[in-house]
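# Here is a sequence with its predicted model. Questions after.
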Amino acid sequence: MQTDEDQISWFDYFSRTINRLIWWGEATKEHRSLVDPHNMIKDFKATPSGRNAP
């Protein structure tokens, strides 16, 4: 932050950012408790060349 910038606006911006990160963290934790991501995605069992990826 520059000395001539509005400190309160930056603190408000950071507060909103942190609150969104907390919301996403809680939402993903809740979703993970309902849907097992490992069961949905499945683990890789092949070599990297056999994964059909670039």
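Perfect, thanks for sending it.
# so which helix or strand takes in residue 19?
Using DSSP states H and E, residue 19 maps to helix 7-34.
# Tell me the helix or strand right after that helix.
Following helix 7-34 in sequence, per DSSP H and E, is helix 37-41.
# so where's this structure shaky on pLDDT?
Within the chain, the segments meeting pLDDT under 70 span 1, 50-54.
# Can I get stretch 14-30 in PDB, CA atoms only?
Output of stretch 14-30 as PDB, limited to C-alpha atoms (Å, rounded to 0.1, in the frame of the first residue of the first chain):
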ATOM      1  CA  PHE A  14      -8.700  -7.500   2.400                       C
ATOM      2  CA  SER A  15     -11.500  -8.200   4.800                       C
ATOM      3  CA  ARG A  16     -13.900  -9.100   2.000                       C
ATOM      4  CA  THR A  17     -11.200 -11.300   0.400                       C
ATOM      5  CA  ILE A  18     -10.500 -13.200   3.600                       C
ATOM      6  CA  ASN A  19     -14.300 -13.600   4.200                       C
ATOM      7  CA  ARG A  20     -14.700 -15.100   0.700                       C
ATOM      8  CA  LEU A  21     -11.800 -17.500   1.300                       C
ATOM      9  CA  ILE A  22     -13.400 -18.600   4.500                       C
ATOM     10  CA  TRP A  23     -16.700 -19.100   2.800                       C
ATOM     11  CA  TRP A  24     -15.200 -21.200   0.000                       C
ATOM     12  CA  GLY A  25     -13.200 -23.300   2.600                       C
ATOM     13  CA  GLU A  26     -16.400 -24.000   4.600                       C
ATOM     14  CA  ALA A  27     -18.400 -24.700   1.400                       C
ATOM     15  CA  THR A  28     -15.800 -27.200   0.100                       C
ATOM     16  CA  LYS A  29     -15.500 -28.900   3.500                       C
ATOM     17  CA  GLU A  30     -19.300 -29.300   3.600                       C
END
